[in-house]
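Trainee: Attaching a predicted model along with its sequence, questions to come.
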Amino acid sequence: MRLYLPTLLPLPLLPLSTPLTLPSSFGTIHFGSPFTCYISVLSPTGTPLECTLTVKLQTPSSRLPLTQIKHTLTPSSPLETTLNHTLTLPGSHTLRVLLEYSSGLVLRKFYKFTVLKPFSLKSRTHILKTSTLAEITTTSHLPTTSLCELRFTSLTPHTLPP
């Protein structure tokens, strides 16, 4: 619901363009892998501009602050930063980039991407007369060959038959 009539006011200091651009796709991302991004903010004018860059990563269960940097933009001094974060949850993620100028202008960019599971496990248990049989199926979702190590530990004092 909109309570006001939107107007377009051209700003003489900033051109009407998309100063926040991101690629259309990151490719395939699996949880457990590191997420690394490089952010560069260039000065749109020849005069110094005070700005604050805030970057957050929204996961399925929380919103994590990645950085908040205050900087004076000049043509010879852009704001550049590299962010690293290990992705620990599968599901939909959103990279939230907020650029605030001291003049009050705010630029926001949200980039959504999906983090996939690299493999899945399915288990079934069969109870026999004198023992229990556990069946575990692993399925790899990776495009290349991968090595998976499985270790089994008995939680009961019984030993497995040979």
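Mentor: Happy to help now that I have it.
Trainee: My read is that residue 54 contacts residue 107, right?
Mentor: No. Using C-beta atoms under 8 Å, residue 54 is not in contact with residue 107, being 11.0 Å away. For the C-beta atoms, the positions are set from N, CA and C on the backbone; glycine is no exception.
Trainee: what do the two both touch?
Mentor: 98-100 (C-beta atoms under 8 Å, 6 or more residues apart in numbering).
Trainee: In CSV, list these along with secondary structure.
Mentor: As requested, these are exported to CSV (DSSP: H, G, I helix; E, B strand; the rest coil):
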residue, secondary structure
98, strand
99, strand
100, strand
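Trainee: now, among the residues you listed, which is nearest to residue 46?
Mentor: Nearest to residue 46 out of the shared contacts of residue 54 and residue 107 is residue 99 (C-beta to C-beta; 18.7 Å).
Trainee: Quote the end-to-end distance of stretch 77-96.
Mentor: Start-to-end span of stretch 77-96 (C-alpha to C-alpha, to the nearest Å) is 23 Å.
Trainee: where does the chain have low pLDDT?
Mentor: 1-26, 156-162 (pLDDT under 70).
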